[in-house]
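Participant: Could you work out the structure for the sequence below:
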Amino acid sequence: QVQLGESGGGLVQSGGSLRLSCAASGRTFSNYNVGWFRQAPGKEREFVAAIRWVPYSTYYADSVKGRFTISRDNAKNTVYLQMNSLKPEDTAVYYCAVRNSGSIDSPVSYTRWGQGTQVTVSS
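Facilitator: Take a look at the predicted model:
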């Protein structure tokens, strides 16, 4: 089973940037598709971005399109989420997860999750 670990969260001012990392161990990401989700206090977990290995493609929620970029480093078995022009409403715990099938933007499609990393954007 693949194990996931997120890092890179923190406190940043509005308009700032952060890069989140999702490192896999146990198995390579090439067997999975990887998604980023976030969950703010009192809200449901929501889709942020996803990357498909074959064929290579990326997907974004409308709320982050043009500001966030998902990418991968095969050699490091790591998926990144570059977040630019951050807004206070981006504040949440960010999770990476893997899926084999199902809707790319639905949490129920994802079978393995990391522990999450906190992102806080101050106004």
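Participant: Pairing partners for V119 in the sheet, please.
Facilitator: As for beta bridges, V119 partners with G10, A92 under DSSP bridges.
Participant: Return the residues in contact with it.
Facilitator: 9-10, 12, 18, 20, 38, 83, 86, 90-94 (C-beta atoms under 8 Å, 6 or more residues apart in numbering). Where you see a C-beta, it was placed from the backbone N, CA and C, and this is true even at glycine.
Participant: Out of those residues, which comes closest to R72?
Facilitator: Nearest to R72 among those: L20, at 12.8 Å, using C-beta to C-beta.
Participant: list the contacts for the nearest residue to S7 once chain neighbours are set aside?
Facilitator: Nearest residue to S7 in three dimensions, chain neighbours excluded: S21, at 5.0 Å (C-beta to C-beta, 6 or more residues apart in numbering). Contact analysis of S21 by C-beta under 8 Å, 6+ apart lists E6, S7, G8, T78, V79, Y80.
Participant: what's the closest of the residues you listed to N100?
Facilitator: V79 (15.7 Å).
Participant: Next up, the contacts around that closest one.
Facilitator: Remark: with contacts taken as C-beta under 8 Å, 6+ apart, V79 is in contact with S21, C22, A24, F29, V34, W36, I51, I70, S71, R72, D73, C96.
Participant: Could you report the pLDDT at G15?
Facilitator: G15 is assigned 98 on the pLDDT scale.
Participant: So for the most centrally placed residue in the chain, what's the pLDDT?
Facilitator: In the chain, the residue lying closest to the centroid (C-alpha atoms, centre = their mean) is W36, at 2.3 Å. What the model reports for W36 is a pLDDT of 98.
Participant: what's the neighbour count on the residue lying closest to W53 once chain neighbours are set aside?
Facilitator: On the basis of C-beta to C-beta, 6+ apart, the spatially nearest residue to W53 that is not a chain neighbour turns out to be S30, at 5.5 Å. By other C-beta atoms under 10 Å, 11 other residues sit near S30.
Participant: for N33, same thing?
Facilitator: Neighbour count for N33, taken as other C-beta under 10 Å: 21.
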